[in-house]
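>>> Quick one, what's the 3D model for this:
(2 chains)
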Amino acid sequence: MTHLLQAADEAEALEMLHAKGLTDGLPVVIPTAERVDRLVLATGLQGAQVLGEMGPGGGAATVEKVAVSAVMAGCLPDHMPAVLAAIKAILQPQFDLTEMQATTHCTAPLIIVNGPARLACGDIASGFGALGPGFRANASIGRAVRLAMRNIGGAHPGVSDMALLGHPGKFSYCLAEDEESSPFDPLHVSMGYDIEQSTVTVLGAEAPHSVMYAGDADSSDDHLRLLTVLAIGLGNLATNNAILTGGAATVVLNPEHAAILAAGGLSRSDICQDLFERCGHTAEAIRAVNPGFSSGSKPQSFRRCFQDPSQIIVLVAGGSGLYSMVMPSWCAGAHRNAVVTEEIVLNDFCEIPD
Amino acid sequence: MSDGIAMARRGLPALALITEAFWPQGDFVAKSLGMPDIPRLKLPHPIAGTGQVKMSQVAEMLTDSMLEALSA
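Numbers count the residues shown, from 1 in each chain, chains lettered A, B, ... in the order given. Sure thing, here's the model as predicted:
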């Protein structure tokens, strides 16, 4: 049973939560027993059910404790299937959550939602500004995961979360794929799920880095030039991917850029393969900027940023225009920034009357 | 839209060309700058980078409407 705090009113409760370091610095919805029970009920699960142990503090992530974070984040009952699936995903051993929470690198789990849950879980945005403010489902689902990482996992800046600067995605980092505007199969279908299934795909990611490309349909090299700039952004010599190598990373194509690549005859897997081949540097180039990371390699040997094309997660989202985004990554931990996909189970959830 | 409004305020005939994806933003800017009824024409989106042939087709398709709006 979760320990209950006592306060005279909600204003006092909020100040108490801030003082105890239980918020992300922004106001939260006070997690009263009634509000928490309502979200637990929505899951169709027992509140005491343990989803896993959350590092670095080793807290037990029960359904109830996750619901506490969800209430604080502003979640509605409809959001809970996505929240639970994301929590299950980051608790998978290959996600290396403890190490990710503790690293000095600026990494945060990026939550990508596919399938019917995009609508069922509160209309998770995938278009203009989807990673920015203004979308309740994106903000609340992502924030619930972050508050759980802080309050169940015990990640506190400078003490147990040693990110040197952090990044804004450590408040919330959640979006859906714009499957309707994509010329490719949805991301989860490319991973073997049925189109009727829903998933969260989670991987550690830096903040979005913009990649500018102005298309030119009159050029037969249109798609190749776009791939060139995407590769420059994704695997540039300043990234961990270039220096440490071997960790998964993300490419978010805006619909216009996705159309350029599709018009060039490329499938999603073709794009991953091409970026895999382009992203890399000679040992000599790495040695020039970070000598400690290429010792022993022949100067002209080519070190790829990624172990295989499947480490490059490509999705379609955002408004249509000049800018796509890349999120290089951390590349460390025992599993080197693995990608974890978890099915969002919608059938087990109960509708809760207002 | 801002350019169109600036021209209209100088007393010049003005017509804002807005692509479909930016149509709501055009409405917002027009209202914000106090000229909600400034003439505007919707273009397909995307328009930039779509090639000479497509650009010519769009221009051909819209020329009459543009002249009509500017002559009103």
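
>>> Where does pLDDT dip in the stretch 151-300 of chain A?
Along the stretch 151-300 of chain A, the model assigns pLDDT under 70 to no residue.

>>> again, only this time at 90
A:291-300 (pLDDT under 90).

>>> Without its sequence neighbours, what residue ends up closest to whatever residue of the stretch 1-150 of chain A ends up closest to chain B?
With Cβ to the nearest Cβ, the shortest gap between the stretch 1-150 of chain A and chain B falls at A:Phe128, namely 8.0 Å. C-betas here are computed from N, CA, C, even on glycine. Here the nearest residue to A:Phe128 in space, its sequence neighbours aside, is A:Gly319; by Cβ to Cβ, 6 or more residues apart in numbering or on different chains that works out to 3.8 Å.

>>> count of neighbours near the one you found?
17 (other Cβ atoms under 10 Å in any protein chain shown).

>>> need the contact list for the spatially most central residue of chain B.
The structure's chain B has its C-alpha centroid closest to B:Leu17; by Cα atoms, centre = their mean the separation is 1.5 Å. B:Leu17 is in contact with B:40-41, B:43, B:62, B:66, counting by Cβ atoms under 8 Å, 6 or more residues apart in numbering or on different chains.

>>> try A:Gly246
A:305-307, A:311, A:331, A:336.

>>> Which one of these sits in the busiest neighbourhood?
A:Cys305 (30 neighbours).

>>> Give me the pLDDT value at it.
In this prediction, A:Cys305 carries a pLDDT score of 96.

>>> Then the one 3 residues further on?
Reading off the per-residue confidence, A:Asp308 sits at a pLDDT of 95.

>>> likewise the one 3 residues further on?
On the pLDDT scale, A:Gln311 is placed at 96.

>>> what's the closest non-adjacent residue to it?
In space, A:Gln311 is closest to A:Ala248, 4.2 Å off (Cβ to Cβ, 6+ apart).

>>> Quick check: the one you found touching A:Ile313?
Yes. Using Cβ atoms under 8 Å as the test, A:Ala248 is close enough to A:Ile313 to be in contact (6.3 Å).

>>> so what sits against both of the two?
A:203, A:339.

>>> Quick check: the residue nearest to A:Gln311 vs A:Thr341, distance?
A:Ala248 sits 11 Å away from A:Thr341, going by Cβ to Cβ, to the nearest Å.

>>> For the residue lying farthest from the centre of chain B, what are phi and psi?
Of all residues in chain B, B:Val53 has its C-alpha farthest from the mean position, at 20.1 Å, by Cα atoms, centre = their mean. Backbone geometry at B:Val53, expressed as degrees, to the nearest 10, gives phi -60, psi -50.

>>> for the residue nearest to A:Phe128, helix, strand, or coil?
coil (DSSP: H, G, I helix; E, B strand; the rest coil).

>>> Identify the residues contacting it.
A:127-129, A:254-255, B:21.

>>> Look at A:Ala248 and A:Thr341 and report which has more neighbours.
The residue with more neighbours, out of A:Ala248 and A:Thr341 and counting by other Cβ under 10 Å, is A:Ala248; that gives 25 against 20.
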